[in-house]
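A.B. asks: Sequence and computational prediction follow.
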Amino acid sequence: MLAGSRIWLVWLPSVFVVNTCSCVAQYIHCEVIHRATSGTFEVTLIYRANDVVVREELWRALEMISHQVQGAWIILGDFNNVLNLGERLGSAVSLEEVAPFRQCIRECRVQDNPTTGPYYTWSNKQEGENRVFSKIDRVLANSKWFDSFRNAYAMFLPEGISYHCARVVKLDNTMVEKAKSFKFCNMWALDESFLSILQAGCQENVEGVPMYKVSIYADPYNIGLHRQEREARRVYDNLNAAKMSFIRQKVKQDWIHKGDENTSYFHSCLRKRRHQMQVHRIKDEEGGWHENPNDVEGAFLTYYKKLMGFESEATRHVSNSVIAEGTRVDANMKQRLIAPFNSEEVKNALFNVDENRAAGPDGYSSGFF
């Protein structure tokens, strides 16, 4: 601990080797080695100052560290600053307040690590209208962290005697990897050979549901198909690089260089989104918490089995006078509902559906049809 600092760094020497790289008033940056696995990552512990002038130095320091970090990097602590407009209750948040923090996040190329527990991590402990809640404690990580610790997540604990919610980062959370269902990608239909391949595939006698007949996974051990896939990917990468080069030269804007290209940062954002959709911790109806993946799944099943199998008494008869007060289906509407229709009308209705809407249970989007 540095004199004047409010950060303590404590570890178990039998589990971790910690090499301190820099230690100043607002942060401690160190390299951590896990003895059992020899896994290495870098950690920056934050306690941002209250002084407006002094605390701006932290953003510049983090940006400098980001240029030096080569591997997995996690940043956690009290940033004394919200990142988004909806992260404080009881006091308004302005764009001017969050802009420097957002700029630092972009420069460091880090993002929020998935978390569980309370959303607001700090309160001023006052009563009534004077109570303020905010999310000023965060856990941020770079793309290499998400690559190295795919299932890691941070858990914020309920508020205690401190103004802040304590946080625990779990590195070894084991998630059950299950087979993913088929999903049709609309871009496949852009290839000139799509229809001919589809027709040929539908004519083959393959056991299974019709969906399986057009899936490229019907023959996963076909070495020839793997080679074709690699070649197609190589051709696409070359064409995409040429396209982006042409656009950059034409419009002369730097944001295209790092915008929606196929970068590691872009893919880390996708991984983070998928990770956020996972449920790491759940409370059952009896108030018990479950973290094991099988227990989490069991809690969901138990809840919905009771919900779907619940028997209740028939509701009381609804008075006709109450129904008459609302909008009702008139005779003309009834005739339209039972009017005959033809295949052309069905086709027009289907073709008017946006092709990017969510796919059905069979994995096919409206774009396929």
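C.D. replies: Now that the structure is in, tell me what you want to look at. Residues are numbered from 1 along each chain as shown.

A.B. asks: where does residue 229 land in three-state SS?
C.D. replies: Secondary structure state of residue 229, per DSSP: H, G, I helix; E, B strand; the rest coil, is helix.

A.B. asks: Kindly state the pLDDT recorded for it?
C.D. replies: pLDDT recorded at residue 229 is 70.

A.B. asks: Can you tell me how far it is from residue 192?
C.D. replies: Per C-beta to C-beta, to the nearest Å, residue 229 is found 17 Å from residue 192. Just so you know, the C-beta spots here come from the backbone N, C-alpha and C atoms, and that holds for glycine as well.

A.B. asks: out of those two, which sits in the more crowded spot?
C.D. replies: More neighbours surround residue 229 than the other of residue 229 and residue 192, with 12 against 6 (other C-beta atoms under 10 Å).

A.B. asks: Go ahead and confirm residue 109 touches residue 145.
C.D. replies: No: using C-beta atoms under 8 Å, residue 109 is not in contact with residue 145; the gap is 11.1 Å.

A.B. asks: Comparing the two, which residue is more hemmed in?
C.D. replies: residue 145 (23 against 16).

A.B. asks: Nearest residue to that one in space, please, no chain neighbours.
C.D. replies: For residue 145, ignoring the flanking residues on the chain, the nearest one in space by C-beta to C-beta, 6 or more residues apart in numbering is residue 72 at 4.2 Å.

A.B. asks: from memory the one you found sits against residue 150, does it?
C.D. replies: No: checked against C-beta under 8 Å, the pair residue 72 and residue 150 is beyond contact range at 11.2 Å.

A.B. asks: Who has more neighbours out of those two?
C.D. replies: Of the pair residue 72 and residue 150, residue 72 is the one with more neighbours under other C-beta under 10 Å, namely 21 against 13.

A.B. asks: which ones are touching the more buried one?
C.D. replies: 40, 41, 42, 141, 142, 144, 145, 147, 148, 149 (C-beta atoms under 8 Å, 6 or more residues apart in numbering).

A.B. asks: Tell me which helix or strand residue 360 sits in.
C.D. replies: For residue 360, there is no helix or strand it lies in under DSSP states H and E.

A.B. asks: Quick check: phi and psi on it?
C.D. replies: For residue 360, the backbone dihedrals (degrees, to the nearest 10) come out as phi -80, psi -180.

A.B. asks: Please report the distance of it from residue 369.
C.D. replies: 10 Å.

A.B. asks: next one: residue 46
C.D. replies: Residue 46 is 52 Å from residue 369, by C-beta to C-beta.

A.B. asks: Look at the two and report which has more neighbours.
C.D. replies: residue 46 (20 against 12).

A.B. asks: For that one, which residues count as its bridge partners?
C.D. replies: On the basis of DSSP bridges, residue 46 is bridged to residue 27, residue 77.

A.B. asks: mind listing what it touches?
C.D. replies: Contacts of residue 46 by C-beta under 8 Å, 6+ apart are 7, 26, 27, 58, 75, 76, 77, 78, 79.

A.B. asks: ok, now with 10 Å
C.D. replies: Residue 46 sits next to 7, 26-29, 58, 62, 75-80, 137-138, 140 when contact means C-beta atoms under 10 Å, 6 or more residues apart in numbering.

A.B. asks: For residue 122, see how far away it is.
C.D. replies: Per C-beta to C-beta, residue 46 is found 13 Å from residue 122.

A.B. asks: Quick one: low-confidence residue ranges for this structure.
C.D. replies: 1-5, 172-180, 205-222, 225-226, 242-277, 309-316 (pLDDT under 70).

A.B. asks: Report the residue ranges of every domain in it.
C.D. replies: Here the domain parsing of the chain from automatic domain parsing is 16-170, 175-209+279-311+356-369.

A.B. asks: so how far is the shortest one off the chain centroid?
C.D. replies: With C-alpha atoms, centre = their mean, to the nearest Å as the basis, domain 175-209+279-311+356-369 stands 17 Å off its chain's centre.

A.B. asks: With the longest one instead?
C.D. replies: Chain-centre distance of domain 16-170: 18 Å, with C-alpha atoms, centre = their mean.

A.B. asks: Could you report the neighbour count for residue 108?
C.D. replies: 21.

A.B. asks: list the contacts for it?
C.D. replies: Applying C-beta under 10 Å, 6+ apart, the residues near residue 108 are 44, 59, 62-67, 69, 73, 75, 140, 142.

A.B. asks: before we move on, what about residue 333?
C.D. replies: For residue 333, no residue meets the contact criterion (C-beta under 10 Å, 6+ apart).

A.B. asks: Correct me if wrong, but it is in a strand.
C.D. replies: No: looking at residue 333 with three-state DSSP, it is helix, so not inside a strand.

A.B. asks: Distance-wise, check it relative to residue 318.
C.D. replies: In terms of C-beta to C-beta, residue 333 sits 20 Å off from residue 318.

A.B. asks: before we move on, what about residue 93?
C.D. replies: For residue 93, the distance to residue 318 (C-beta to C-beta) stands at 46 Å.

A.B. asks: between these two, who's got more neighbours?
C.D. replies: Using other C-beta under 10 Å, the more surrounded residue of residue 93 and residue 318 is residue 93, with 17 against 8.

A.B. asks: What segments of the chain are helices?
C.D. replies: Along the chain, counting by DSSP state H, helices occupy 52-68, 95-108, 143-148, 194-203, 210-213, 223-251, 255-258, 264-276, 293-308, 320-324, 331-337, 343-351.

A.B. asks: Return the distance of the last one from the chain's centre.
C.D. replies: Translated: helix 343-351. With C-alpha atoms, centre = their mean, you get 36 Å for helix 343-351.

A.B. asks: which helices and strands does that helix pack with?
C.D. replies: The contact analysis (3 or more C-beta pairs under 10 Å, 6 or more residues apart in numbering; DSSP states H and E) places helix 343-351 against no helix or strand.
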